[in-house]
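Colleague: fold the following and give me the result.
(one chain, ligands or ions: 2)
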Amino acid sequence: MIEGGCFCGNIRFTIAEKPQGDYLVANCHCSMCRKTSAAPFVTYLVIPKAAFQYKTGTPKILQSSDKSSRQFCPDCGTHLLFATTDRPNNFDITTGSLDEPNRFTPTVNVHEESKLTWLHLQ
Ligand SMILES: [Zn+2]
Ligand SMILES: [Zn+2]
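Modeller: Residues are numbered from 1 along each chain as shown. Ligands and ions are numbered 1, 2, ... in the order given. Here you go, the predicted model:
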């Protein structure tokens, strides 16, 4: 079981482990991820929605574009996840909200055209 939550502890969630192999982990460099997280880029764990469950707390949902929404802790503001109608069966979970973020190494970069110029990834 993968577990995570927000900074203040109001929101806790669990993610079922992938039966075989690992979920995709991707860095997104788009300006909306940057702004909503106030971070240079965001690393996401891409999971099936069915694997995700809130245990405590109720998120605030932001409709961040026509297609996309993001969920936050209403108390501390932690960006928890991203959802888009382009991939209706997925949630993209911010790895920074996970209890063991080091378990999840990104293998893909998306929206590199928006990547900050000083950022040099291996
Ligand atoms: Zn919180
Ligand atoms: Zn993005």
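Colleague: ok, stretch 70-86 near ligand 2 or not?
Modeller: No: using Cβ under 5 Å from the ion, stretch 70-86 never reaches ligand 2; the gap is at least 7.0 Å. For the C-beta atoms, the positions are set from N, CA and C on the backbone; glycine is no exception.
Colleague: please begin residue numbering at 793 from this point
Modeller: Sure, I'll start counting at 793 from here, so that last one is stretch 862-878.
Colleague: what does the chain have sitting close to ligand 1?
Modeller: Within reach of ligand 1 by Cβ under 5 Å from the ion, the chain has these residues: C798, C800, N802, C865, D867, C868.
Colleague: so how many other residues sit close to the fifth one?
Modeller: This means D867. Counted with other Cβ atoms under 10 Å, the neighbours of D867 add up to 14.
Colleague: kindly report the same for A831.
Modeller: For A831, the count of nearby residues is 13 (other Cβ under 10 Å).
Colleague: SS state for the residue nearest to it when sequence neighbours are not counted?
Modeller: Excluding the flanking residues, the one nearest A831 by Cβ to Cβ, 6 or more residues apart in numbering is G888, at 7.7 Å. Put simply, G888 is helix when judged by DSSP: H, G, I helix; E, B strand; the rest coil.
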